[in-house]
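Q: Fold the following.
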Amino acid sequence: MYKERKKYLPPVCAALGLALELGAAWACLGLDQGTAADGVCVAGVLALLSLVALALLRLEGYGWDALGIMLLPVGAAMLARAVCLDYVSLDYTQFLSEWYSYFKANGGFAAIAGSVGDYNMPYLYFMAAISYLDVPDLYLIKLFSILWDVGLAWGCLRLARFLTRERQGSAAPLMAFGAALLLPTVVLNGAYWGQCDAIYGALCVHAAASALDGRNKASVALMGVAFAFKLQSIFVLPLWGVLWLAGKVRFRELWMFPLAYLAMIAPALALGKPLGDIVGVYFKQMGEYSRLTLNAPSVYQFIPYKLPLDEQMASSLGILAAGALVLALLVLGFRLRGRLDRDTVMAAAMVLCVGVPFLLPHMHERYFFLADVFTLCWACADRRRAPAAVLVCGSSLASYCVYLRLKYNCVVRLGGGVFVMGLEALAMLAAFALALWALAEGVRKLTKEERA
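A: Have a look, this model is predicted:
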């Protein structure tokens, strides 16, 4: 009986997936902006991205039965994104649409040399490219992020596969692929909000997978490209310092990072953009906001709302704490030289992805994007890590809701103080503690093996 059910599972899932794909196409045909032809184009791009997702699975060696089953989550993911495309966020109206209009009015790529936006060059290349098209820019911006959502799912599959290398036939990689496409924060980030965190997120996950596969040069180069897209890649970047000190990555391989970064900004330099303006983008971002937290579930949410305090001192303490955490992991990497295994590497990655933005000041709710996707892969590969994934993803989603709804989820009054996001921060703190515990477990295991 079980074999009979298993036999019919792929075609049933494929049929349901195709129905969802048709639903996505129908939703695109009813989009508010542009013409009917624009809706057809958007529907075509989503269908093409579905084919790309299945082609990537085929590239990874999965058979037709697996592709039939995976068409269901792929179709669901595209439908979820299609119904999000018309939403116009404040970030789009205040920033992204303004940048697009600037490139449209100033000759596309010729405008790269000017002063526009606070994103680094690779994303501005994209903005310049779409300025030549007549399709509504809202959809083009979101479709670009959705493209990287597919790349992110591929990276999650690769990372989960390397974490479960000894378990032949494990479903963990496919679970990671489907779950990454359907993860609420991933769907909301690009298709709804119009943000692009999936770009650097995908690159960082692929970089981690390549590191576990021993492809060090590719791994470091991918981190260089990720850094060229978004500063937030630095949350996990110290992991490669740990790998170097542990003898897993050679020093000469680390040179791929600046080379990749330079390759990404070279077109802007060729177009006349001053190097100082390119490098200064990230310094501008770091000094852009003065609030200790911008709806992020960080340690600063444990400070009562509007409590008078020395914010500069609190900010400095947070930076020192995050620096101390990174330094401790670097020391640990040196102590474990020659013995660091992939489970401990993953635990260290989780400590960084959760701990660094949790301790740093001036963090946005989106800055736990890496924590979302890394914990997802971790949980798919090892069910014991599921609580950490639930805590991180739940806390992150709740923080998204605060911004998107412009309303706090649950205000807690305790001891005369008001905590507007204390529960979200408590969940993230619990996930941070679980990551530290997993890292300690890994270190104890390696130490015990050495003594034996």
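Q: how about stretch 29-48: buried residues?
A: For stretch 29-48, burial by neighbour count (16 or more other CB atoms under 10 Å) applies to Leu31, Asp38, Gly39, Cys41, Val42, Ala43, Val45, Leu46, Ala47. In this view, the C-beta of every residue, glycine as well, is placed from N, C-alpha and C.
Q: And the pLDDT for the first one?
A: The per-residue pLDDT reported for Leu31 equals 97.
Q: Ok, the fifth one next?
A: We note a pLDDT of 98 for Val42 in this prediction.
Q: Report the contact partners of it.
A: Cys28, Leu31, Leu85, Val135, Tyr139, Leu143 (CB atoms under 8 Å, 6 or more residues apart in numbering).
Q: Can you classify it as helix, strand or coil?
A: Of the three states, Val42 takes helix under DSSP: H, G, I helix; E, B strand; the rest coil.
Q: ok, now how distant is it from Ala36?
A: Look at Val42 and Ala36: by CB to CB, to the nearest Å, they are 11 Å apart.
Q: Can you show me the strands along the chain?
A: 293-294, 363-364, 412-414, 417-419 (DSSP state E).
Q: now those strands as a markdown table including distance to Ala198 and mean neighbour count?
A: Formatted as a markdown table, these follow (distance: least, CB to CB, whole Å; neighbours: other CB atoms under 10 Å):
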| stretch | distance to Ala198 | mean neighbour count |
| --- | --- | --- |
| strand 293-294 | 20 | 21 |
| strand 363-364 | 15 | 23 |
| strand 412-414 | 32 | 12 |
| strand 417-419 | 31 | 16 |
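Q: so what pLDDT did the closest residue in space to Arg339 that isn't next to it in sequence get?
A: Closest residue in space to Arg339, ignoring its immediate chain neighbours: Leu446 at 5.0 Å, by CB to CB, 6 or more residues apart in numbering. At Leu446 the predicted local distance difference test score is 90.
Q: Please apply the same query to Cys377.
A: pLDDT, read off for Cys377, is 97.
Q: go on, Val331?
A: For Val331, pLDDT reads 97.
Q: likewise Met428?
A: 98.
Q: same thing with Phe251?
A: Reported pLDDT for Phe251: 94.
Q: so what's Met18 up against?
A: For residue 18 the amino acid is Leu, not Met. Taking CB under 8 Å, 6+ apart, we find Leu18 in contact with Leu71, Gly75.
Q: In CSV: the strands of the chain, plus mean pLDDT and distance to Arg165.
A: Formatted as CSV, these follow (pLDDT from 0 to 100; distance: least, CB to CB, whole Å):
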stretch, mean pLDDT, distance to Arg165
strand 293-294, 94, 39
strand 363-364, 96, 34
strand 412-414, 92, 44
strand 417-419, 94, 43
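Q: Which one, of the ones you listed, ends up nearest to Val12?
A: Taking CB to CB, strand 363-364 is the member of the strands of the chain nearest to Val12, at 41.4 Å.
Q: so what secondary structure elements neighbour that closest one?
A: Under the contact definition 3 or more CB pairs under 8 Å, 6 or more residues apart in numbering; DSSP states H and E, strand 363-364 sits against strand 293-294.
Q: Name every strand pairing with the strand it packs on and say which way it goes.
A: With DSSP bridges as the test, strand 293-294 is paired with strand 363-364 (parallel).
Q: Below-threshold pLDDT in the stretch 251-400 of the chain: ranges please.
A: 287 (pLDDT under 70).
Q: can you give me the helices for it?
A: 256-270, 275-286, 311-335, 342-359, 369-381, 386-405 (DSSP state H, counting those that start in this stretch).
Q: most packed of those?
A: helix 369-381 (a mean of 28; mean count of other CB atoms under 10 Å).
Q: if I look at Val236, how far off is Met346?
A: 11 Å.
Q: Geometric centre of the chain: which residue is closest?
A: Gly201 (3.1 Å; CA atoms, centre = their mean).
Q: from the buried residues of stretch 29-48, which is closest to Ser395?
A: Leu46 (29.7 Å).
Q: Please name the nearest non-neighbouring residue to that closest one.
A: Leu46 sits nearest to Met78 (CB to CB, 6+ apart), 4.9 Å away.
Q: The one you found: how many residues sit nearby?
A: 28 (other CB atoms under 10 Å).
Q: what sits against it?
A: Neighbours of Met78 in contact, by CB under 8 Å, 6+ apart: Leu20, Glu21, Ala24, Leu46, Ala47, Leu49, Ser50.
Q: Dump these to a markdown table, plus pLDDT and distance to Ala440.
A: What follows is these, written out as a markdown table (pLDDT from 0 to 100; distance: CB to CB, whole Å):
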| residue | pLDDT | distance to Ala440 |
| --- | --- | --- |
| Leu20 | 98 | 43 |
| Glu21 | 98 | 46 |
| Ala24 | 98 | 45 |
| Leu46 | 98 | 44 |
| Ala47 | 98 | 47 |
| Leu49 | 98 | 41 |
| Ser50 | 98 | 42 |
